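> Prediction below, plus the sequence it came from.
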Amino acid sequence: MFRRTVFFVLTLVCSFARSEDCRTPTGQTSQCISLYDCPDMLAAFERRPLPSFVVTYLRRSQCGFDGYVPRVCCGPIPEEPDTPVPVQRPTTPASNEGDEGPSDDDAVPSRRGECGVDTNGDRIYGGQFTELDEFPWMALLGYRKPTGRITYQCGGVLINHRYVLTAAHCITGAITREVGTLVTVRLGEYDTQSEVDCSAGVCADPPQEIPVQAGYPNPGYNDRNVNKRDDIGLVRLSRRARYTYYVKPICLPDASARQSPGDEVFVAGWGKTLTGTNSPVKLKLQLPIFDKNECVNKYKDLGANLVDKQICAGGTFSKDACRGDSGGPLMVRKPEGYWESVGVVSFGYGCGRDGWPGVYSSVVSYKDWILNTMRSTSS
């Protein structure tokens with residue numbers, strides 16, 4: 001059966017046929033193996049709440065990959081060090097910050113040069129934990145349950161001061177019946193356990209929590225359709241998001257943008273990990289584009305007839321989007337260095353099932369609808 005959305009990731013869990021000598025961050029000689037083959041580090045990662053110093057240590061311990069599977073220089077994690085004095089990262093000035101009224105640029109996506117800018121430059125991607133300031137366009141969508149409690153169940157990306165791109169099934173349909181009403185968007189989040197996120201002595205700005213003014217699912221979406229056709233939507237914020245070092249928009253793809261089988265793409269989110277729990281820390285994963293014809297034939301056997309406006313990616317064991325990453329982005333880093341959101345997490349068969357890619361709504365296929373919706377709702 002299909003699991004209503006989907007996805008994410010962290011990694012996984014295979015035994016490797018080979019290992020290599022390495023040095024841990026504390027200088028000890030050890031072996032470079034899978035995180036899930038290293039009991040000390042796995043136990044540390046499964047701690048809740050997950051301390052920020054553990055995240056930093058695990059990230060520094062990464063020593064390579066087998067395919068898409070990250071390896072760590074295995075060893076015990078030291079006790080928490082003395083708390084350093086946090087250094088606040090300066091915010092990036094932005095025009096019209098905090099302006100709650102309409103603006104001309106509310107009706108258009110952010111332009112090249114001001115969107116898709118990841119300040120971390122050319123670091124090696126494809127691991128598990130993100131950096132504190134990585135993917136600053138990521139958004140968490142919050143829902144008010146009948147009890148009044150807010151729960152964050154979907155993701156999305158900021159595309160200008162006023163709009164977040166997400167999946168239609170994160171706005172309408174079963175989620176409103178089973179979870180609650182979409183009421184808020186959180187921007188600039190990293191670790192959901194803490195009010196202020198810090199790493200290596202540097203602290204981010206507090207997340208921006210902005211009420212939702214309205215949600216606009218694509219009119220062609222119907223959650224009774226097995227293939228989740230037209231599963232894309234926009235959320236309009238009740239006030240303009242402030243662009244800072246930790247909150248920035250991502251670019252939308254050009255009309256000619258297309259992905260080919262084998263092209264590398266990236267996903268990010270706070271969805272379920274291999275251990276079955278939601279990650280409190282923002283995660284990332286590198287995936288290949290999956291051959292569309294093969295993907296269509298696979299899902300046809302399950303009664304889902306995929307259409308041209310859908311993309312398939314993944315298909316490698318335990319590397320897939322899992323519940324909690326719905327509505328999040330499928331991203332491409334362009335040769336010029338900026339990032340584009342080329343897909344929206346829609347659905348999949350299971351979670352990380354070998355040979356079964358995840359299915360994403362193609363952003364370029366809906367770009368005209370996105371632009372028209374922004375223009376018609378921005379006044």
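In hand now; what should we look at?
> Check the secondary structure at the spatially closest residue to Leu306 that is not a sequence neighbour for me.
Leaving aside its chain neighbours, Leu306 sits nearest to Val296 (4.9 Å; criterion: C-beta to C-beta, 6 or more residues apart in numbering). Quick note: C-beta positions are derived from backbone N, CA and C, even for glycine. What DSSP: H, G, I helix; E, B strand; the rest coil gives for Val296 is helix.
> mind checking which helix or strand the residue nearest in space to the middle of the chain is in?
Geometric centre of the chain, nearest residue: Ala268, 2.5 Å, by C-alpha atoms, centre = their mean. Assigned by DSSP states H and E, Ala268 belongs to strand 264-269.
> For that strand, name the packing helices and strands.
If contacts are counted by 3 or more C-beta pairs under 8 Å, 6 or more residues apart in numbering; DSSP states H and E, strand 264-269 sits against strand 283-288, strand 329-333, strand 339-347.
> Of all those, which one comes closest to Thr176?
strand 339-347 (17.4 Å; C-beta to C-beta).
> Name the next helix or strand downstream of that closest one, please.
Using DSSP H and E, the helix or strand that follows strand 339-347 towards the C-terminus is strand 357-362.
> so what strands line up beside that following strand?
strand 310-314 (antiparallel), strand 339-347 (antiparallel) (DSSP bridges).
> CSV for those, including distance to Phe290, mean pLDDT and mean neighbour count?
Shown next, in CSV, are these (distance: least, C-beta to C-beta, whole Å; pLDDT from 0 to 100; neighbours: other C-beta atoms under 10 Å):
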stretch, distance to Phe290, mean pLDDT, mean neighbour count
strand 310-314, 4, 93, 27
strand 339-347, 12, 95, 27
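> Output these as a markdown table; include the columns distance to Ile289.
Listed next are those as a markdown table, based on distance: least, C-beta to C-beta, whole Å:
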| stretch | distance to Ile289 |
| --- | --- |
| strand 310-314 | 5 |
| strand 339-347 | 9 |
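> So which of the ones you listed is nearest Asp40?
strand 310-314 (29.3 Å).
> what angle separates the closest one from strand 329-333?
Compare the direction of strand 310-314 with that of strand 329-333 by axes from the mean of the first three to the mean of the last three C-alpha atoms, to 10 degrees and you get 80 degrees.
> Give me the neighbour count for the residue nearest to Leu306.
Using other C-beta atoms under 10 Å, Val296 has 17 neighbouring residues.
> so it touches Val307, yeah?
No - the criterion here is C-beta atoms under 8 Å, and Val296 misses it with Val307 at 9.0 Å.
> before we move on, back to that, would you quantify the distance from the residue nearest to the centre of the chain to Gln153?
Computed as C-beta to C-beta, to the nearest Å, the Ala268 to Gln153 distance reads 16 Å.
> just the strands in the stretch 151-300 of the chain please.
Remark: strands assigned in the stretch 151-300 of the chain by DSSP state E, counting those that start in this stretch are 163-166, 181-187, 198-199, 202-203, 208-217, 233-237, 264-269, 283-288.
> tell me what the second one is packed against?
Based on contacts counted as 3+ C-beta pairs under 8 Å, 6+ apart, the elements that strand 181-187 packs against are strand 138-144, strand 150-158, strand 208-217, strand 233-237.
> Can you give the strand pairings for it, parallel or anti for each?
When DSSP bridges is applied, strand 181-187 pairs with strand 138-144 (antiparallel), strand 208-217 (antiparallel).
> so which of the helices and strands packed on strand 181-187 gets nearest Gly173?
strand 208-217 (8.0 Å).
> Quick check: buried residues in the closest one?
Gln208, Ile210, Val212, Gly215, Tyr216, Pro217 (16 or more other C-beta atoms under 10 Å).
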